[in-house]
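Student: Turn this into a structure:
(chains A, B, C and D)
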4 protein chains.
Amino acid sequence: MIIILRADATPQQVQHILETVVEWGVQPHVSRGVERTIIGLIGPEDILRTKPLEAFPGVERVMPVLKPYKRASLDFRREPSVIRIGAGPHPVELGGQRIVMMAGPCSVESRDGFLAAADAVRDAGATMLRGGAFKPRSSPYSFQGMGEEGLLILAEARERTGLPVVTEVMDTKEVDLVGRYADMLQIGARNMQNYALLREVGRTHLPVLLKRGMSATVKEWLMAAEYVLNEGNESVALCERGIRTFETYTRNTLDLSAVAALRRETHLPVVVDPSHGTGIAEMVPSMARAAVAAGADGIMVEVHPCPEKALSDGEQSIVPAAFQALVEECRALAGAIGRGL
Amino acid sequence: MIIILRADATPQQVQHILETVVEWGVQPHVSRGVERTIIGLIGPEDILRTKPLEAFPGVERVMPVLKPYKRASLDFRREPSVIRIGAGPHPVELGGQRIVMMAGPCSVESRDGFLAAADAVRDAGATMLRGGAFKPRSSPYSFQGMGEEGLLILAEARERTGLPVVTEVMDTKEVDLVGRYADMLQIGARNMQNYALLREVGRTHLPVLLKRGMSATVKEWLMAAEYVLNEGNESVALCERGIRTFETYTRNTLDLSAVAALRRETHLPVVVDPSHGTGIAEMVPSMARAAVAAGADGIMVEVHPCPEKALSDGEQSIVPAAFQALVEECRALAGAIGRGL
Amino acid sequence: MIIILRADATPQQVQHILETVVEWGVQPHVSRGVERTIIGLIGPEDILRTKPLEAFPGVERVMPVLKPYKRASLDFRREPSVIRIGAGPHPVELGGQRIVMMAGPCSVESRDGFLAAADAVRDAGATMLRGGAFKPRSSPYSFQGMGEEGLLILAEARERTGLPVVTEVMDTKEVDLVGRYADMLQIGARNMQNYALLREVGRTHLPVLLKRGMSATVKEWLMAAEYVLNEGNESVALCERGIRTFETYTRNTLDLSAVAALRRETHLPVVVDPSHGTGIAEMVPSMARAAVAAGADGIMVEVHPCPEKALSDGEQSIVPAAFQALVEECRALAGAIGRGL
Amino acid sequence: MIIILRADATPQQVQHILETVVEWGVQPHVSRGVERTIIGLIGPEDILRTKPLEAFPGVERVMPVLKPYKRASLDFRREPSVIRIGAGPHPVELGGQRIVMMAGPCSVESRDGFLAAADAVRDAGATMLRGGAFKPRSSPYSFQGMGEEGLLILAEARERTGLPVVTEVMDTKEVDLVGRYADMLQIGARNMQNYALLREVGRTHLPVLLKRGMSATVKEWLMAAEYVLNEGNESVALCERGIRTFETYTRNTLDLSAVAALRRETHLPVVVDPSHGTGIAEMVPSMARAAVAAGADGIMVEVHPCPEKALSDGEQSIVPAAFQALVEECRALAGAIGRGL
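Tutor: Numbers count the residues shown, from 1 in each chain, chains lettered A, B, ... in the order given. Coordinates of the predicted model:
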């Protein structure tokens, strides 16, 4: 930690800071320049980080030296983590050489409809199934998901297709329930900093797909993953799904550079969701291709047999035939960079 | 709802849309211009809003006519709502002629410290007490609050000072517990779209202080309030606490225009938190003054007897003497616009 | 300047950096911690700032110690600068005890209309006149301003009302022309980083009103002012007019905390423009009041006798009667904080 | 244009609006719903767009039906535009089947250095040369470019390598000068809404590379292109170079979805600049690959033989060997989607 003092900091103020940090068990190093005095603090940065150094009189700015995340960082583990998803003998591996294609409708709306959609995406090349039983909707008057009934349908679709299932859990009270049916628990963007929920899924043995909050920095996102990892659950994947910017053309702004940024910071696998990332079905294939080329380990796409009848997110859902074409394009691109689907 | 068709929409596509909306029980009106055909839909906009009209072939854009919020809107109630906070014979009124000053440390850190702080802010002019027992922290390694022990201290401080207490609740599992001690339940910015939590506090009889999410639009914020109102709890106040922008000088960008925007849209009272809004103690008084002049019904300020010892948010906490000066300035400004503290 | 090395930086990389900075005439100080090595550079930060230190192998991050602005900074001049505007014997002072009220239509649209508007805003309490002869419009098909003819009308309005005139200059080729008529040159938000233009107005003797760019940080804004100051023109005022954020309710998000931030960083006067800041006439008075309470030295408001006939910005213009009420409110608030109009 | 009236709009207000639009030569259609009255205006939307309809009493909101851009739109020209760059017999084609690789140092710093860099990028596979002679720098104390001397070096490099040259022009006064040496004129992000400059380059016969402003929406960007097109210059390419968001990890947030968005809106070619888009050399290859997969027509990369000696943007420049690897990766990806380099 480095403390930059104000130009007008008094000797008493400097002395007070030095005495305080020594009390904390930290060794200060003072450098006096012509315009500013700087104090370098050598010691446990974890402790220092919790101290309100900027509240000390005479302090202009405080600059941390180390990154705040530990278990998520490349310092903790240099090799990419590979997450195994699915209880059967042939689990899907996320983070390995093969890119995982997750697909399905936004929400489970009916048994027949979902099973048909599941068959269609499997036939088109999906290797995992997605679908929401509990839906976070911005309006209390919108369809809120089928709840447990939806989970039963998800489980049936898994049996039928052999594809592992990822589905969202929105509340600590529902973690047990959802965990009985899902192969991977999704934490939605709106709950990325719902710390009680992060801790709760961290106590399960299920892989977690942590979507990026709408205005979360890469650092905050990794700190949210840290909450899960810190409870002992090492199977966390990060899903970029667009951030909120001034641009209104798209529903969100898909930040594909986050894929490259995460590669520099963490060993955890990275998934990209171009459906929420753009909000426009016509733009999904282009962004799925870009995600593969950027280095994503998985792609998550909303596919609906008849988007105009979807109860949620119809405008960003593609039809199975479009998904099949997208899978083929992604396969070709994956091959060009030494990976496969 | 207004549907703008693409320039190249076919007659079949138009026909398909018209037939579908008639099935929904909605009356369509077609206007054919030189460059675009437009379909106006007269009927229950609630139903239309849930339909994926943009997913229909031939549709370029869909524009809602009505606002999505109902109970929060001025159409529902034209007069400002006044919320009564506190169980005693002299509750605080939020939304009336007098501006409510909420103050206290970021978190309850110890019994003696908090009681001393509570006395200090009451003496300085606070009319409500704030303090966190459950703290949302971006790092799992930071102080997470004292939990129930903190709630007991809050209750003791209320008895001692006579000031009603507002404190945060972070999880559905803790609503009952926190509700037993608090006079007002705070929903933090990170949980603004935690819909399970919003519903749960909506089922209590306690007033709710709903902080704005870091990247929530005014419309989304009102929709979050709608979740609480829709459960039957009419006592919701909205708290502006800064939004996330590109500017890094301040911790957040305090959006004071939200005060004026909310006045145009809702009858609910509006509170401003300049402490989180700026993140810099030195800037808090200036922004508290501006909030009063902008028309806020309440001001929420972090005050700590010794910010450099605070376990959270020390850099943005002001000392009791500074708070007292701020109260006097706000009182003078309130007088200039026909209000009081 | 502080250099933080990567955990895996080699001794050769460290040595290479040390040798290079010594060549630049800078003295390095190496601190070796358990997890990171840090190099502090003592020497002319101006020079260091121009060096691509992050391009050196082994470097993780570089942190500047000093602020990049000089002439604009409080280190350069601790007392607030007061700018004199207007050639007559009674110039307006911006930055002093009295808050300057600048008002007028968005653009000069006709001689009679503008003179009537000028009379109206003077009668309502304006102390400066605003109006555009050269207009930056997002569409090439919109009204682009009256050009020199508009400048003549501005000059006539000044003679008639005695109020100094501020008007925008958009191109280096027009600085001489506009400078012959204006008392203060406005640099619009879109040109805040038009460095050729900044230098050109820096070479005049006219005061400059530098509007904040739509996505300019406070630091970048001060660096733009530095371009003007560096040419020898010391009369620069900064005008907050809203920044671009995700919020679409308002045209821009008025960042009133910039007023407090600038007070901590610079001696230059600060003006607030609530008209562009909100884009909604109904919200202008509330934000003008907040700006006064926040500590602004001037308020700039678009006033039009008949907004529905304005050729630009009608939706955010208020009528003279509303301006008069706003002036009275601001006067009362200014009095409450020890200032006047 | 569609006008939505307030719920409390009076018959007089409605009447006043109807009479006014009829005066403008526009035909209004009134639809009276239960909760809102709506007026549809059929007529020249260009004219309507310039009218301050929101300033009329009783109006709640105004919604345009048509897009504001004309010459840039797909309605104007459905086939992709192909721009020819370079005066020789073998011009580069931008917008065709082959993706154009533009590379070179950020700025021209010396004759020998630039010529060596030009040779290196040509050998590595570049098909156009980039380099700045006039540099927009956020500090007046930074290197500002070599000016005309730099242009001479650019011209020499073109002769030597046979590659056409793109370079920035920053001021209307310099358009003639720069135009004598350049094959393509670059308008930088900071000048995207410098309308005088846009008009001036629109009057030349040189192709224009229009970088996206830091906070420009896709729509505003196309309107800026419209300024150039409207002067008669049809050779405009759009360059995505990152937008400003809350994320500080990268210098900007590269908005690759803009590539797909522009494809839906315009016939103009699209270039992506991953160097400014990320600001981090290590992330450039990944984002260049993603841009190719997203469908970009050109990639613009900063390449410097020795980034640690660069006078500008060293931290985001890659070395020629890295560029060569990037070219090969892009070639493989281009092949996978049916294009070439």
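
Student: Which residues does the helix or strand bottoming out on mean pLDDT in chain A contact?
Tutor: Here the helix or strand of chain A ranked lowest by mean pLDDT, DSSP states H and E is helix A:45-49, holding a mean of 78. With C-beta atoms under 8 Å, 6 or more residues apart in numbering or on different chains as the test, helix A:45-49 has contacts from A:1, A:21, A:24-26, A:41, A:64-66, A:68, B:139, B:141-142, C:35. To be clear about C-beta, it is placed using only N, CA and C from the backbone, and glycine gets the same treatment.

Student: Stretch A:322-341 now?
Tutor: A:97-99, A:101, A:103, A:120-121, A:123-127, A:281, A:284-285, A:288-289, A:292-293, A:295, A:299, A:301, A:303, A:318, D:289, D:293, D:329, D:332-333, D:335-337.

Student: what's the answer for stretch A:249-256, then?
Tutor: A:212, A:214, A:240-245, A:247, A:272, A:274, A:276-280, A:283, A:287, A:290-291, A:294, A:316, D:217-219, D:243, D:245, D:247, D:253-257, D:261, D:287, D:290.

Student: how about a cut-off of 6 Å?
Tutor: For stretch A:249-256, contacts defined as C-beta atoms under 6 Å, 6 or more residues apart in numbering or on different chains pick out A:240, A:242-243, A:245, A:247, A:277-279, A:287, A:290, A:294, D:218, D:253, D:255-257, D:261, D:290.

Student: Among these, which lie within helices?
Tutor: In helices, defined here by DSSP state H, the members of the contacts of stretch A:249-256 are A:277, A:278, A:287, A:290, A:294, D:218, D:257, D:261, D:290.

Student: rewinding a little: which among the contacts of stretch A:249-256 count as buried?
Tutor: A:240, A:242-243, A:245, A:247, A:277-279, A:287, A:290, A:294, D:218, D:253, D:255-257, D:261, D:290 (16 or more other C-beta atoms under 10 Å in any protein chain shown).

Student: Return the residues of chain A in contact with chain C.
Tutor: With C-beta under 6 Å from any C-beta of the partner chain as the criterion, chain A meets chain C at residues A:4, A:31, A:33, A:36, A:40, A:42, A:63, A:65, A:244, A:246.

Student: Report the separation between the third one and chain B.
Tutor: Between residue A:33 and chain B the distance is 23 Å, computed by C-beta to the nearest C-beta, to the nearest Å.

Student: Just give the closest residue to the closest residue to chain D within the stretch 51-200 of chain A, not the sequence neighbours.
Tutor: Residue of the stretch 51-200 of chain A nearest chain D, by C-beta to the nearest C-beta: residue A:67 (11.4 Å). The shortest distance from residue A:67 to any non-neighbouring residue, by C-beta to C-beta, 6 or more residues apart in numbering or on different chains, is to residue A:73 (5.8 Å).

Student: What is the neighbour count of that neighbour?
Tutor: By the criterion of other C-beta atoms under 10 Å in any protein chain shown, residue A:73 has 19 neighbours.

Student: cool, residue A:180 as well?
Tutor: Residue A:180 sits with 10 neighbouring residues when counted by other C-beta under 10 Å.

Student: I'd guess it is in a helix, am I close?
Tutor: Yes - per DSSP: H, G, I helix; E, B strand; the rest coil, residue A:180 lies within a helix segment.

Student: measure it to residue A:228 for me?
Tutor: 19 Å (C-beta to C-beta, to the nearest Å).

Student: same deal with residue A:258?
Tutor: Residue A:258 is 18 Å from residue A:228, by C-beta to C-beta.

Student: can you give me the helices in the stretch 1-150 of chain A?
Tutor: Counting by DSSP state H, counting those that start in this stretch, one finds helices in the stretch 1-150 of chain A at the ranges A:11-23, A:45-49, A:111-124, A:148-161.

Student: make that the stretch 201-341 of chain A, sorry
Tutor: Assigned by DSSP H, counting those that start in this stretch, the stretch 201-341 of chain A shows helices spanning A:218-230, A:257-265, A:274-278, A:284-294, A:320-336.

Student: Adding mean pLDDT, write those out as TSV.
Tutor: Formatted as TSV, those follow (pLDDT from 0 to 100):
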stretch	mean pLDDT
helix A:218-230	97
helix A:257-265	97
helix A:274-278	97
helix A:284-294	98
helix A:320-336	98
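
Student: Can you pull the residues of chain A lying near chain B?
Tutor: So far as C-beta under 6 Å from any C-beta goes, chain A lies against chain B at A:46, A:50, A:52, A:54-56, A:68, A:136, A:138-142, A:170-173, A:190, A:193-196, A:214-215, A:220, A:223, A:226-227, A:230, A:244, A:307-308, A:310, A:314-315.

Student: Buried subset of the residues you listed as a ChimeraX selection?
Tutor: Buried members of those, defined by 16+ other C-beta under 10 Å, are picked up in ChimeraX with:
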select /A:50,52,54,55,56,68,136,138,139,140,141,142,170,171,172,190,193,194,195,196,214,215,220,223,226,227,230,244,307,308,310,314,315
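
Student: picking up where we left off before, can you read off the pLDDT for the residue nearest to residue A:67?
Tutor: Residue A:73 carries a pLDDT value of 95.

Student: separation between it and residue C:34?
Tutor: For residue A:73, the distance to residue C:34 - C-beta to C-beta - is 15 Å.

Student: Are any of the contacts of helix A:45-49 buried, and if so which?
Tutor: If we count by 16+ other C-beta under 10 Å, the contacts of helix A:45-49 have these buried: A:1, A:21, A:26, A:41, A:65, A:66, A:68, B:139, B:141, B:142.

Student: what's the most distant pair in those?
Tutor: Largest separation among the buried ones among the contacts of helix A:45-49 by C-beta to C-beta: A:21 and B:139, giving 20.0 Å.

Student: List the contacts of residue A:211.
Tutor: A:188, A:189, A:239, A:241.

Student: Please report phi then psi for the last one.
Tutor: Here the main-chain torsion angles of residue A:241 (degrees, to the nearest 10) amount to phi -140, psi 20.

Student: Distance-wise, check it relative to residue C:2.
Tutor: 35 Å.

Student: Just list whatever residues bridge to the residue lying closest to residue A:154 once chain neighbours are set aside.
Tutor: Of all residues not flanking residue A:154 in the chain, residue A:165 sits nearest, at 5.0 Å (C-beta to C-beta, 6+ apart). Counting by DSSP bridges, residue A:165 is bridged to residue A:129.

Student: any idea how far residue A:114 is from residue A:120?
Tutor: From residue A:114 to residue A:120 the distance is 10 Å (C-beta to C-beta).

Student: same check, this time on residue A:74
Tutor: Taking C-beta to C-beta, one finds residue A:74 at 39 Å from residue A:120.
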